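Participant: Got a predicted structure plus its sequence, pasted below:
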Amino acid sequence: MRHAIQSLEESKIREVANAGMGRSDVLAFWFGESDEVTPEFIREAAIESLRKGETFYAHNLGLPELRDAIARYTTRLHGNVKSERIAVTSGGVNALMLAVQMLVDAGDEVVAVTPVWPNLTAQPLIMGAKLERVSLVPKEGAWTLDLQKLLDAITPATKLLVVNAPNNPTGWTLSREEQQTILDHCRKTGTWILADEVYERLYFEPSANACAPSFLDVASPDDRLVVCHSFSKSFLMTGWRLGWLVMPAAMTHHMGKLIEFNTSCASVFTQRAAQVAMERTDEVTPRIVAHLKACRDTLVPKLQAIPQVEVQPAKGGMYAFFKLSGFDDSLVVAKRLVAEAGLGLAPGNAFAPEAQGWLRWCFASKDKARLEEGVQRLKRWLA
Ligand SMILES: Cc1ncc(COP(=O)(O)O)c(C=O)c1O
């Protein structure tokens, strides 16, 4: 077995969840998904597709109709993006892995902004890359970017920059000016940018297009930029395993080859559902975002009222990331919270060593009372 695989760390989020899954007395906020089922009209589109007998292989890059729908959706948010630049993938995580397989050779240098969802740092390691982490800096419960530190880390030897904003777990986002500066720098060093923007619509700051700033807003179509997206978060479709990539048009043909050797294609019935989701996004996403904002604004002030907790409201995403003082090992605390308080959170050190002592709470809860009950459990446990 390859050393790179043997030495991969197991997900600490899974480690905590495995300890509590199936226990009906545990309030679980450990995974990054809503507890709300996919809207019915999206499910109906999949059922209709299956009824029609669409049970066969599809094009490697996705159904042309879906790629067109994604191009229209992306163009509405970020200006002209043609369907030739789009590949449909079997989930956002598959999109990220494909991008890394496409861009990273063994021994290449990869820079990642952390803390970050562990899959993003594991994938370059799977390819045998050398990974350098550039940590965000915590300030009174919020994580901020030291832009100069990041620019200094990206040299002509850096093959790829991996950046996820809005960020899981911290809720940090990039400004347009920062994106422009990073892009200009990467143009000079010849570095590819892999921008994970799966949370772009889950954005709580004022904005013209109800969307976080995107590298697509500042880049040219031929820049060394690959953007990763998912149907999971903005359309409540985590279990459907669908995502997409936006890349320079010259890369798309090669991406089709790579998809052939990974998954061949995404299933047709899920793509039919995704097409309807995308075309009727206004019936889904704004409601999800408004609800998430209400969830955030329910949870965060209650956490802030606990003396041992340091937290700021996330600008985007679906997480409250908080420091719990008095406890050094997040994994130990998270496991104890499951066992002793019936509260399921993700340990901060799953996302970066520097987030040791932090915990992530996914606030995408259909019933806000669950969040309030969760806080009560945390308070009782701390007492
Ligand atoms: C930052 C980030 N990127 C990508 C994904 C991938 O999502 P999916 O594979 O469900 O599309 C996730 C899921 O939690 C995520 O948090």
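Facilitator: Right, received. Where do you want to start? Numbers count the residues shown, from 1 in each chain.
Participant: Please count neighbours and contacts with C-alpha atoms only from this point.
Facilitator: Noted.
Participant: And the pLDDT for the residue in the chain positioned nearest to the ligand?
Facilitator: Nearest residue of the chain to the ligand (Cα to the nearest ligand atom) works out as residue 92 at 3.2 Å. Here the pLDDT value assigned to residue 92 is 98.
Participant: my guess is it contacts residue 227, does it?
Facilitator: No - with contact defined as Cα atoms under 8 Å, residue 92 does not reach residue 227; the gap is 10.3 Å.
Participant: Show me the common contact partners of these two, please.
Facilitator: Shared contacts of residue 92 and residue 227 (Cα atoms under 8 Å, 6 or more residues apart in numbering): none.
Participant: can you give me the helices for this structure?
Facilitator: 3-6, 12-20, 40-51, 64-78, 92-103, 118-126, 147-153, 176-189, 215-218, 249-262, 268-279, 285-304, 330-336, 368-382 (DSSP state H).
Participant: I'd like those helices as TSV, with mean neighbour count appended.
Facilitator: Shown next, in TSV, are the helices of the chain (neighbours: other Cα atoms under 10 Å):
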stretch	mean neighbour count
helix 3-6	11
helix 12-20	18
helix 40-51	16
helix 64-78	18
helix 92-103	21
helix 118-126	21
helix 147-153	14
helix 176-189	16
helix 215-218	20
helix 249-262	16
helix 268-279	22
helix 285-304	19
helix 330-336	21
helix 368-382	16
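Participant: Dump those helices to CSV, plus distance to residue 198.
Facilitator: Shown next, in CSV, are the helices of the chain (distance: least, Cα to Cα, whole Å):
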stretch, distance to residue 198
helix 3-6, 26
helix 12-20, 19
helix 40-51, 19
helix 64-78, 13
helix 92-103, 7
helix 118-126, 12
helix 147-153, 22
helix 176-189, 16
helix 215-218, 12
helix 249-262, 19
helix 268-279, 14
helix 285-304, 13
helix 330-336, 26
helix 368-382, 24
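Participant: Those residues of the protein touching the ligand, which are they?
Facilitator: 32, 91-93, 117, 164, 168, 196, 198, 230, 232, 238, 241-243 (Cα under 6 Å from any ligand atom).
Participant: at 5 Å instead, please
Facilitator: Residues of the chain lying close to the ligand (Cα under 5 Å from any ligand atom) are 91-93, 230, 232, 238.
Participant: Any idea how far apart the tips of stretch 102-121 sit?
Facilitator: 16 Å (Cα to Cα, to the nearest Å).
Participant: still on that earlier bit, what residues are up against the residue of the chain closest to the ligand?
Facilitator: 198, 228-232, 241-244.
Participant: Now go through those and say which are in strands.
Facilitator: Using DSSP state E, 228-230, 243-244 are the members of these that sit in strands.
Participant: Restrict those residues to the buried ones and give me that as a PyMOL selection.
Facilitator: Filtering those down to the buried ones (16 or more other Cα atoms under 10 Å) takes a single PyMOL command:
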select buried, resi 228+229+230+243+244
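Participant: now the ones in strands among the contacts of residue 92 as a markdown table including distance to residue 273 and pLDDT?
Facilitator: Output for these, formatted as a markdown table (distance: Cα to Cα, whole Å; pLDDT from 0 to 100):
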| residue | distance to residue 273 | pLDDT |
| --- | --- | --- |
| 228 | 19 | 98 |
| 229 | 16 | 98 |
| 230 | 13 | 98 |
| 243 | 12 | 98 |
| 244 | 14 | 98 |
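Participant: Off-centre distance for stretch 83-90?
Facilitator: Counting by Cα atoms, centre = their mean, to the nearest Å, stretch 83-90 is centred 18 Å from the centre of its parent chain.
Participant: Stretch 269-282 too?
Facilitator: The answer for stretch 269-282 is 20 Å, by Cα atoms, centre = their mean.
Participant: Contacts made by that stretch with the rest, please.
Facilitator: 41-47, 49-50, 54-55, 62-63, 65-66, 69-70, 73, 231, 235, 240, 242, 284.
Participant: could you give me the average pLDDT of that stretch?
Facilitator: Stretch 269-282 comes out at a mean pLDDT of 97.
Participant: now swap in stretch 187-198 and tell me
Facilitator: 98.
Participant: buried residues in that stretch?
Facilitator: Quick answer for stretch 187-198 (16+ other Cα under 10 Å): 187, 190-198.
Participant: what does stretch 239-248 give?
Facilitator: 240-248.
Participant: Any chance of TSV for those residues, columns distance to residue 84?
Facilitator: Shown next, in TSV, are these (distance: Cα to Cα, whole Å):
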residue	distance to residue 84
240	24
241	22
242	18
243	16
244	12
245	11
246	9
247	9
248	9
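Participant: Spit out the contact partners of the spatially most central residue of the chain.
Facilitator: The central residue of the chain, meaning the one whose C-alpha is nearest the mean C-alpha position (Cα atoms, centre = their mean), is residue 198 at 4.9 Å. Residue 198 makes contacts with 92, 166, 228-230, 233, as judged by Cα under 8 Å, 6+ apart.
Participant: Apart from its chain neighbours, what residue comes closest to residue 96?
Facilitator: residue 228 (6.3 Å; Cα to Cα, 6 or more residues apart in numbering).
Participant: same check, this time on residue 333
Facilitator: Nearest one to residue 333, counting by Cα to Cα, 6+ apart, is residue 327 at 7.0 Å.
Participant: Neighbours of residue 208, how many?
Facilitator: For residue 208, the tally of surrounding residues (other Cα atoms under 10 Å) stands at 8.
Participant: what are the phi and psi angles of it?
Facilitator: Note on residue 208: backbone dihedrals following degrees, to the nearest 10 are phi -70, psi -40.
Participant: Before we move on, what's the pLDDT of it?
Facilitator: 82.
Participant: Same check on residue 356?
Facilitator: Model confidence at residue 356, given as pLDDT, is 94.
Participant: Contacts only, for it.
Facilitator: By Cα under 8 Å, 6+ apart, the neighbours of residue 356 are 328-330, 347-349.
Participant: now the nearest residue to residue 49 once chain neighbours are set aside: how far from residue 74?
Facilitator: The shortest distance from residue 49 to any residue other than its chain neighbours is 5.3 Å, reached at residue 269 (Cα to Cα, 6+ apart). Residue 269 is 22 Å from residue 74, where distance means Cα to Cα.
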